[in-house]
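**Q** Need coordinates for the below:
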Amino acid sequence: MKYTVSIYENEHLIEVIDANHICVDNQHYEIDFHAVGDQTLYSLLIDGCSYESEISPSDESLLVLLQGRVYPVIVEDERANWLRLASQSENTHHGEYLLKAPMPGSVIALPVQDGQAVKKGEVLVILESMKMQNELRSPREGTIARLRVKIGDDVEQKQILLAVI
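**A** You can find the predicted model right below:
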């Protein structure tokens with residue numbers, strides 16, 4: 001499984017190869033990572049070097065205390081990263097934004113209707129693909145226009161679902 005990990009403004013690609021091996025930005029490491037008791041304390045061995053870390057969730061990230069410093073860490077799996085990138089567009093802030101299906105699937109929920117005002121981050125369509133539900137959100141404030149799908153419709157990748165103006 002691959003993950004995109006953001007620490008401050010830096011992004012890293014991490015691939016979990018197996019329970020004891022990872023690849024970080026094309027650099028391979030042997031690891032051992034275990035929780036210590038029922039707490040938020042973790043033991044981490046990286047290529048034989050030992051580290052203790054405390055990990056706790058915050059509103060939008062994980063806070064990782066490592067060697068006396070706290071790091072805000074955002075972790076996205078491949079699917080979440082792909083959905084985020086697919087929903088970004090050069091034209092999300094001005095003019096018309098066309099929401100396109102990032103993958104083939106079925107529309108299972110449509111919580112908006114033509115003419116409805118929406119806020120940035122509001123769910124526009126829930127698409128089921130490969131037995132997973134994917135919430136497609138508005139990249140900005142606007143008004144729904146030209147709704148082109150309904151609940152139960154099967155859609156193809158890159159098919160236009162609706163517009164936000």
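
**Q** Need the pLDDT of N81.
**A** For N81, the pLDDT comes out at 67.

**Q** And E90, by the same measure?
**A** pLDDT, E90: 47.

**Q** swap in V125?
**A** 94.

**Q** Identify the residue spatially nearest to it, adjacent ones excluded.
**A** L136 (4.5 Å; CB to CB, 6 or more residues apart in numbering). Every C-beta, even on glycine, is put in place using the N, C-alpha and C of the backbone.

**Q** show me the contacts for that neighbour.
**A** Each residue near L136 by CB atoms under 8 Å, 6 or more residues apart in numbering is listed here: L83, S87, L99, A101, P102, V123, L124, V125, I126, L127, L161.

**Q** Check which helix or strand the most centrally placed residue in the chain maps to.
**A** Central residue of the chain (CA atoms, centre = their mean): A80, 2.9 Å from the mean position. Assigned by DSSP states H and E, A80 belongs to helix 78-87.

**Q** List the beta-bridge partners for the closest residue to D153 other than its chain neighbours.
**A** Excluding its sequence neighbours, the residue lying closest to D153 (CB to CB, 6+ apart) is V107, at 4.7 Å. Legend: beta-bridge partners of V107 under DSSP bridges are L127.

**Q** Near V107, how many other residues are there?
**A** If you count neighbours by other CB atoms under 10 Å, V107 ends up with 19.
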